[in-house]
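Trainee: Starting from these lines, generate the structure:
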Amino acid sequence: MSDETGTFSQAEIEELKQVFFAQAHEIAEEFQDLLLKLEADPGNAETLKTIKRHLHTLKGDANSIGITSVGTLCHHVEDALSLAGNGAGAAGRELVDLLLVSADAIRKLLVESETRSGEGDIRDAMARIDLFLKHQGDGGDPEARAGESEYHALAIADARQRGLLVLSGEAVFHPQCRERGVAALMVAQRLAGLGELVHAVPDPHSEAADRADALHFVLATGRDRADVERECLIPGIVERVQVVVHARSRDEAATAPAPEATAGAQRQSPQTADSLRVEASRVDRIMNLVGELIIGRSMVDQAARELENGTPPAEVSARLASISSTLERSLTDLQYGVMQMRMVPVNAVFRKFPRMVRDLSLEKGKRIRLDIQGRDAELDKGIVDALGEPLMHIVRNMIDHGIETPVERAAAGKPEEGVITLRAYHEAAHVVIEASDDGRGIDTAKLRKKAVEHGFITHEDAERLSEAEARELIFFSGLSTSDSVSETSGRGVGMDAVRTAVQNLKGMIETDSVPGRGATFRLTLPLTLAVIRALLFEVGGRLFAVPVAAVAEVVRVTGDELTSVDGRPALVLRDRVISLIRLRDTFGINGNGSDKSYALLLGGSGRKAGFLVDRLAGQQELVVKAVDDRHVRTELVSGASILGDGKVVLILDAIAVYRKAVEQEKEGVARR
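Mentor: Residues are numbered from 1 along each chain as shown. From the prediction side, this is the model:
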């Protein structure tokens, strides 16, 4: 760790580390995205320059707070990246594969350094880079690379911009020193403690260091030449040290990073589980609204004092009505503002998929392009954090089952390259996430066959299923159309996990498919889980609510319009049989209800089911609170809320209630 950190307290150092990790995780993600962009366009000099700047920032920041493993690995990655700069292997998949593996290693090191208060092992990653450089004919003898690369010029120019002294030096090893590799590491460690070690030949971590007579280095430091020479002169290890001011390179001005670009990289921060990046304008808006609420409170206090002093109530009442209207408007704006503070772009999830699609398509021998649309659509951070896993299962299934091989696509008259599209867009008070492909589509005939073979349904039931209902079979746990089990599919658990995850987010999932044309999975999610738009209704005098998103249609029915199917009430609507659930029976509410009632029909995925309720009580936005009460069937309730009149309303989990009713019906049939 640099001596400069010695001037900070432990609390300040920890705060610096928190800032570093927030920025470092974002830089690591950007590094991977840029590598994929470089692979698609190898000749893009701007992309290459941006990659080098990110590595430069990460290396310097890591070394400055003592996480030298990250800095050392970044240094090795820069050596490999220099091949792209001189044209060697710029378009080669081998180089990009190596750099992507290095990006994984950097992210792993960051996680280990952040969570374990230690540093991970970088030897394997560095060995792979050294081997690659050796095979490229540029790494067999590090002395051959004594010249400064474009990155080194960039780092030196940036160091000078920051007011650091750039020194060139040579530490000659003592003739009696036999462990030259150890000596090189000792000198490098001391140099790192004095500042930023920009360049060292030979690489202290390479085998060439064991044969070297001296270590040549370039150091950016805030110390003077005498301090550097004195620190590197190790008795019995180093015989002499010579340090001079580093000559300015002609390329430094051209490669110096633009101040705004570097600042931009440093401003980036990740959307991690325990942090949230909020625009200053949104915070300012909240502060203004809080100020308005404080003014409203003062107005209420003034009205109360006037009543105490004998002002006629009618006069104060009119003013209180006006104050109430003002407070209501401010509170509504405040609620919206707080919700906006938790909103993050869905791109925080989407950005993880280009790498996954690339790797899996290579593994499966397929050519697949990922098209991402609607990156800026915003969702509640809690939903975004939970959205990655279900989308991952969907995309993996598309790669495994949906997209054909190039030979199969050519035979079908399709382009050899398949396309997977991720799209996000707003629809009313929801965000819709669509994942679609142009592959073979969902084979409903095979799904029916597999469902019958595994005993999920009978052959007769399978024949009666519509296409939409047959597609629903894909979500059955343990059911897979794959004939073999691989690391990515075949066990029949992925799509069941998708449906469970979406339902836990109070959302819906729908499928659509055209044989030979492709399939689409449509996830409809609420903007936030904290506040929902709900439909209120009564059952036996008790008040309940259900998210409006879960209800496709409300139908008024009379007793003679109801029929019975397998002992359960049903409604025939537009030539469709809708199975209904009596919430009175599900929740054990006494009474038979009236002759007239309402059926709340569930929406999504072709589901044919609904609830029977006594009376509708309108729609309302509800603040969702957790329920933890032994007297409430919490497995059927997603939360509770308090209305303006003080009444408590239970918010039902529509899917959980339906499943419970089906289970009870099956148990009754079994007993009969």
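
Trainee: can I assume residue 61 sits in a strand?
Mentor: No - counting by DSSP: H, G, I helix; E, B strand; the rest coil, residue 61 falls outside a strand, being helix.

Trainee: Test my guess that it contacts residue 23.
Mentor: Yes - proximity of residue 61 to residue 23 meets the contact threshold set by Cβ atoms under 8 Å, at 6.9 Å. The way it works is simple: take the backbone N, C-alpha and C, and place the C-beta from them, glycine included.

Trainee: quick one: which of those two has more around it?
Mentor: Shown here are residue 61 and residue 23; by other Cβ atoms under 10 Å, residue 61 has more neighbours (22 against 19).

Trainee: Which neighbouring elements make contact with whichever strand in the chain runs longest?
Mentor: Counting by DSSP state E, the longest strand found in the chain is strand 417-427. Packing contacts for strand 417-427, counted by 3 or more Cβ pairs under 8 Å, 6 or more residues apart in numbering; DSSP states H and E, involve strand 367-373, helix 381-397, strand 430-437.

Trainee: I'd like to know which elements the longest one is packed against.
Mentor: Read it as helix 381-397. strand 343-345, helix 347-350, helix 353-364, strand 417-427, strand 430-437, helix 494-504, strand 518-526.

Trainee: quick one: contacts for residue 523?
Mentor: Counting by Cβ atoms under 8 Å, 6 or more residues apart in numbering, residue 523 touches 387, 390, 391, 432, 433, 434, 435, 502, 507, 508, 509.

Trainee: Could you say which of the helices and strands packed on strand 417-427 is packed most deeply?
Mentor: Of those, the one with the most neighbours on average (mean count of other Cβ atoms under 10 Å) is strand 430-437, at a mean of 22.

Trainee: What angle do helix 381-397 and that one make with each other?
Mentor: Per axes from the mean of the first three to the mean of the last three Cα atoms, to 10 degrees, the angle that strand 430-437 makes with helix 381-397 is 20 degrees.

Trainee: which element is the residue nearest to residue 62 when sequence neighbours are not counted on?
Mentor: Nearest residue to residue 62 in three dimensions, chain neighbours excluded: residue 70, at 3.8 Å (Cβ to Cβ, 6 or more residues apart in numbering). Using DSSP states H and E, residue 70 maps to helix 68-85.

Trainee: Against which helices or strands is that helix packed?
Mentor: Looks like helix 68-85 contacts helix 45-64, helix 93-115, helix 123-135, helix 150-161 (3+ Cβ pairs under 8 Å, 6+ apart).

Trainee: Can you name the residues that contact the nearest residue in space to residue 550 that is not next to it in sequence?
Mentor: Take residue 550 and drop its neighbours on the chain: the residue closest to it by Cβ to Cβ, 6+ apart is residue 654, 4.2 Å away. Residue 654 makes contact with 546, 547, 550, 551, 602, 611, according to Cβ under 8 Å, 6+ apart.

Trainee: Could you tell me how many residues sit around residue 46?
Mentor: Around residue 46 there are 9 residues (other Cβ under 10 Å).

Trainee: same check, this time on residue 541
Mentor: Counted with other Cβ under 10 Å, residue 541 comes out at 10.

Trainee: gap between it and residue 584?
Mentor: 11 Å (Cβ to Cβ, to the nearest Å).

Trainee: ok, back up a step: out of the helices and strands packed on helix 381-397, nearest to residue 219?
Mentor: Nearest of the helices and strands packed on helix 381-397 to residue 219, taken as Cβ to Cβ: helix 353-364 at 35.5 Å.

Trainee: Run through the neighbouring helices and strands of that closest one.
Mentor: helix 10-40, strand 367-373, helix 381-397.

Trainee: okay, the angle between the last one and helix 494-504?
Mentor: With the same axes, to 10 degrees as the criterion, the two stretches helix 381-397 and helix 494-504 enclose an angle of 160 degrees.

Trainee: returning to that earlier point: now the helices and strands packed on helix 381-397 in a markdown table, with mean pLDDT and distance to residue 537?
Mentor: Shown next, in a markdown table, are the helices and strands packed on helix 381-397 (pLDDT from 0 to 100; distance: least, Cβ to Cβ, whole Å):
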| stretch | mean pLDDT | distance to residue 537 |
| --- | --- | --- |
| strand 343-345 | 84 | 30 |
| helix 347-350 | 88 | 35 |
| helix 353-364 | 87 | 40 |
| strand 417-427 | 91 | 24 |
| strand 430-437 | 90 | 21 |
| helix 494-504 | 79 | 21 |
| strand 518-526 | 89 | 19 |
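
Trainee: Next, count neighbours for residue 176.
Mentor: Neighbours around residue 176, by other Cβ under 10 Å: 8.

Trainee: Which residue ranges of the stretch 451-600 of the chain form strands?
Mentor: 508-514, 518-526, 531-539, 542-547, 551-558, 562-565, 568-573, 576-582, 596-602 (DSSP state E, counting those that start in this stretch).

Trainee: For residue 337, find the nearest of those.
Mentor: That would be strand 531-539 among these, by Cβ to Cβ, at 12.3 Å.

Trainee: Which among the strands of the stretch 451-600 of the chain is found nearest to residue 55?
Mentor: So among these, strand 518-526 is nearest, using Cβ to Cβ, at 36.0 Å.

Trainee: From the chain's centroid, how far away is that closest one?
Mentor: From the chain centre to the centre of strand 518-526 is a distance of 18 Å (Cα atoms, centre = their mean, to the nearest Å).

Trainee: confidence score at residue 217?
Mentor: Looking at residue 217, its pLDDT stands at 87.

Trainee: and it, that one's in a helix?
Mentor: No - assignment of residue 217 by three-state DSSP gives strand, placing it outside any helix.

Trainee: C-terminal to the helix or strand bottoming out on mean pLDDT in the chain, what's the next element?
Mentor: Ranking every helix and strand in the chain by mean pLDDT, DSSP states H and E puts helix 259-267 at the bottom, with a mean of 33. Using DSSP H and E, the helix or strand that follows helix 259-267 towards the C-terminus is helix 280-308.

Trainee: Give me the next element, helix or strand, following that following helix.
Mentor: helix 313-341.

Trainee: So which elements touch that next one?
Mentor: helix 280-308.

Trainee: same for the helix it packs on, what does it pack against?
Mentor: Applying 3+ Cβ pairs under 8 Å, 6+ apart, we find helix 280-308 packed against helix 313-341.

Trainee: between the helix it packs on and helix 381-397, how big is the angle?
Mentor: Going by the same axes, to 10 degrees, helix 313-341 makes 40 degrees with helix 381-397.

Trainee: Report the buried residues of helix 313-341.
Mentor: 316, 320, 323, 327, 330, 333, 334, 337, 338, 340 (16 or more other Cβ atoms under 10 Å).

Trainee: I'm done for today, thanks for sticking with me.
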